[in-house]
Every structure is written in C-alpha cells, then in structure tokens.
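Asks: the following block contains a protein sequence and its predicted model.
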Amino acid sequence: MSWDKITEQQNSASANIDENSTLEILSIINNEDAGVALAIENKLTEIEAFIDALIPKIRRGGRLFYVGSGTSGRLGVLDAAECPPTFSTDPEMVQGIIAGGYDALVKSIEGAEDNPADGSKAIVDYGINSEDTVLGITASSSTPFVLGALEKAKEIGAMTGLLLSNNPPKLEYVDYIISIIVGPEVITGSTRMKAGTATKLVLNMITTTLMIKLNKTYGNLMVDLKASNEKLWDRGTRIIQHLTDLNYDDSLKLLQSADGEVKTAIVMERLKEGLGVAREYLSEKKGSLRKVLAGNSD
C-alpha cells in the first residue's frame with residue numbers, strides 16, 4: 001500500500017470507527033463529506049482553465065473522452081451517458097472509457113487498470129484524434145491504464161487533462177491538472193467515498209458549464225432536451241408552458257409538432273413560424289434561444 005498517497009493515509013477522525021454507534025458513524029462520514037465542496041472551491045480556477053480550453057475544441061467538432069478505472073471510470077461513463085437525454089447532444093460528443101470495458105461497470109475486474117498498453121490501445125480503438133480531448137480520472141494519480149491512455153492521446157495531438165485526488169505528478173503529456181485534495185478517506189483507501197464524490201461534482205461542473213456555453217440552456221432551463229420518455233415529454237411541456245402563453249395541453253401539442261424539440265417549439269410559438277424556419281433560426285444563432293428570441297446578431 002502506498003502510504004505516501006493522501007487517499008491511502010489513515011483518517012484520524014475515523015480511526016476507531018468500528019467502535020462507534022450507527023449515528024456516530026453517519027456523523028463521521030457526513031462531516032468528512034462536508035469538506036469536499038470546499039476542496040473543489042479551492043480549485044475552481046483549475047477547472048475553469050480546462051473548460052475554457054475545451055469549449056472551442058468542442059465547437060469545432062472535437063469530442064471529450066473520460067478515461068478511468070473502477071469508481072473513476074464508472075463516474076466518467078455515467079456523466080457521458082447523461083449528456084444526450086439532458087442536452088440533446090450527439091452520443092459521440094462526450095464518451096466514457098473504463099478499464100476492463102463495459103463489464104467493469106457492474107463488477108470489479110481485477111488487474112484491468114494495471115497495463116498502460118491497454119490504455120494506449122483504447123485511445124486508438126476509439127479513433128481519438130488531435131481535435132479531441134481526453135480527461136483521465138484517477139484518485140491515486142498513478143493508474144497505469146489512465147496514464148497510458150493520456151500519453152498516447154498526447155502523442156496523437158489531443159488535448160489532455162488529469163482529474164485526481166492526490167498531489168499532482170509532473171507529467172509532460174498532461175496539459176491540464178485538476179487536483180482535488182479531499183484528504184484521507186473514512187475507510188482507508190476507499191476512494192469511492194470522498195474522492196468519488198469530488199469526481200462526480202467536478203464532472204457535473206465540466207459538462208454542465210460546457211453545455212451552457214454551447215447554448216443548451218435558456219437561463220437555468222434545459223431547453224435543448226429532446227423528449228424521449230414520459231418524464232421528458234412532461235418536463236419539455238412545462239418548459240414551453242413557462243416560456244409561452246400556452247396552457248399545458250397546447251404546449252404538449254406544440255412539442256409533438258416540433259418532434260419533441262423544446263427549443264424549436266418555443267421559437268415556433270414565440271415567433272409564429274413553422275418547424276423548418278424555427279430550426280433555421282436556431283442554426284443561424286448557433287443554437288442560442290436567447291439570441292433568436294431577442295433578434296440579436298452574432
């Protein structure tokens with residue numbers, strides 16, 4: 001065990017946790033979790049730098065890949081999977097790569113993370129190129145699969161980043177470091193806890209901010225969602241109702257006539273245009289509902 005790594009050190013607050021009551025255990029865990037948001041707050045400029053470099057690459061058609069193993073890999077796949085239904089993105093825009101493949105999402109595959117050549121191969125297999133961005137995720141900072149992937153990605157010319165929960169290593173093939181120091185885990189080395197929580201929060205920040213900058217929202221409303229199930233049809237209908245003078249039933253009918261596209265439906269109603277023209281307006285304004293409704297030019 002690498003005791004020099006912060007996440008592998010013992011936490012004094014939980015040293016005798018097996019002697020505590022259920023409520024005391026919960027209090028210890030909760031108190032430790034409370035510090036995660038502060039740890040992230042201290043590194044917002046690192047997250048900002050990565051996102052600001054990512055946005056123009058995505059606008060040019062580049063893709064974002066998360067690469068991780070275990071909990072880190074699962075969280076990357078989860079964040080990527082949630083982008084299409086939330087923001088109507090192409091599933092290729094944000095993708096997750098996990099050591100051991102998709103079987104590793106539901107069960108532990110021991111040793112999958114230990115070979116840097118496997119990480120390098122994943123970069124090739126996914127067809128990653130110089131327009132893409134690869135963000136490695138590893139609590140330990142030394143996962144061979146992740147580092148192998150990053151080194152290969154940099155060799156290809158892709159932009160690279162590393163999200164970790166320990167002191168950052170010096171790696172010439174990593175362009176952006178996001179080091180969220182959450183301290184020793186409640187259960188020594190169990191990085192599915194605070195480190196995992198920090199990872200989930202940061203990935204949420206990255207994709208949400210990216211999508212806002214790509215005009216996927218109007219204020220804090222997810223107007224670019226594509227209705228694909230009962231919940232999203234209802235949410236989309238309520239958004240239309242909120243932004244127009246239509247009642248719920250008429251908003252639903254409008255959304256149906258717009259093929260489930262909320263932004264398009266709003267433009268159709270607010271500007272009294274047909275489906276094709278509404279889509280053209282949005283395309284001209286790079287998907288910005290605010291600019292279309294305001295009649296602003298780029």
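Replies: Great, that's in hand.
Asks: Ala53: neighbour count?
Replies: Residues near Ala53, counting by other CB atoms under 10 Å, number 14. Every C-beta, even on glycine, is put in place using the N, C-alpha and C of the backbone.
Asks: look up how far Val202 lies from it.
Replies: 15 Å (CB to CB, to the nearest Å).
Asks: repeat for Leu105
Replies: Computed as CB to CB, the Leu105 to Val202 distance reads 20 Å.
Asks: of those two, give the one with the bigger neighbour count.
Replies: Val202 (23 against 15).
Asks: would you mark the buried spots in the host helix or strand of the more buried one?
Replies: Applying DSSP states H and E as the criterion places Val202 in helix 194-213. Neighbour-count burial for helix 194-213, with 16 or more other CB atoms under 10 Å as criterion, is recorded at 194-203, 205-211, 213.
Asks: so Asn204 makes contact with Leu78?
Replies: No. The criterion here is CB atoms under 8 Å, and Asn204 misses it with Leu78 at 10.1 Å.
Asks: quick one, domains of this structure?
Replies: The record's domain split for the chain, according to automatic domain parsing, is 6-213, 230-294.
Asks: out of the ones you listed, nearest to Leu221?
Replies: Counting by CB to CB, Leu221 lies closest to domain 230-294 out of those; the figure is 5.3 Å.
Asks: state the mean pLDDT of that closest one.
Replies: Mean pLDDT, domain 230-294: 95.
Asks: and for stretch 63-74?
Replies: Mean pLDDT, computed over stretch 63-74, is 95.
Asks: what stretches of the stretch 1-150 of the chain score poorly on pLDDT?
Replies: For the stretch 1-150 of the chain, applying pLDDT under 70 flags the ranges 1-4.
Asks: where do the helices sit along it?
Replies: Secondary structure of the stretch 1-150 of the chain (DSSP state H, counting those that start in this stretch): helices at 22-41, 44-59, 70-87, 116-125, 144-156.
Asks: using JSON lines, lay out these together with distance to Val292.
Replies: Putting the helices of the stretch 1-150 of the chain into JSON lines (distance: least, CB to CB, whole Å) gives the following:
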{"stretch": "helix 22-41", "distance to Val292": "34"}
{"stretch": "helix 44-59", "distance to Val292": "18"}
{"stretch": "helix 70-87", "distance to Val292": "17"}
{"stretch": "helix 116-125", "distance to Val292": "38"}
{"stretch": "helix 144-156", "distance to Val292": "37"}
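Asks: of those, which stretch is the most buried?
Replies: Comparing the helices of the stretch 1-150 of the chain by mean neighbour count (mean count of other CB atoms under 10 Å), helix 144-156 ranks first with a mean of 23.
Asks: identify the residue nearest the geometric centre of the chain.
Replies: By CA atoms, centre = their mean, the mean C-alpha position of the chain lies nearest to Leu203, the distance being 3.6 Å.
Asks: skipping its backbone neighbours, what lies nearest it in space?
Replies: Asp79 (4.1 Å; CB to CB, 6 or more residues apart in numbering).
Asks: what residues does the one you found make contact with?
Replies: Residues near Asp79 by CB atoms under 8 Å, 6 or more residues apart in numbering: 66, 94, 96, 200, 203-204, 206-207.
Asks: measure it to Asp234 for me?
Replies: Using CB to CB, Asp79 is found at 24 Å from Asp234.
Asks: immediately after the host helix or strand of Arg235, which helix or strand?
Replies: Here Arg235, judged by DSSP H and E, is contained in helix 230-243. Remark: after helix 230-243, the chain's next helix or strand is helix 248-257, criterion DSSP H and E.
Asks: between helix 230-243 and whichever helix or strand comes after that following helix, find me the angle.
Replies: Per DSSP H and E, the first helix or strand lying C-terminal to helix 248-257 is helix 262-271. Helix 262-271 runs at 30 degrees relative to helix 230-243, counting by axes from the mean of the first three to the mean of the last three CA atoms, to 10 degrees.
Asks: list the buried residues in the following helix or strand past helix 262-271.
Replies: Next along the chain after helix 262-271, taking DSSP H and E as the criterion, comes helix 275-284. Going by neighbour count (16+ other CB under 10 Å), the buried part of helix 275-284 is 278-279, 281-282.
Asks: with stretch 250-262 instead?
Replies: Within stretch 250-262, the residues that count as buried by 16+ other CB under 10 Å are 251-252, 254-255, 258, 260-262.
Asks: do stretch 185-192 as well
Replies: In stretch 185-192, counting by 16+ other CB under 10 Å, buried: 185-186, 189, 191-192.
Asks: closest to Asn167 among those?
Replies: Using CB to CB, Thr191 is the member of the buried residues of stretch 185-192 that lies nearest Asn167, at 14.6 Å.
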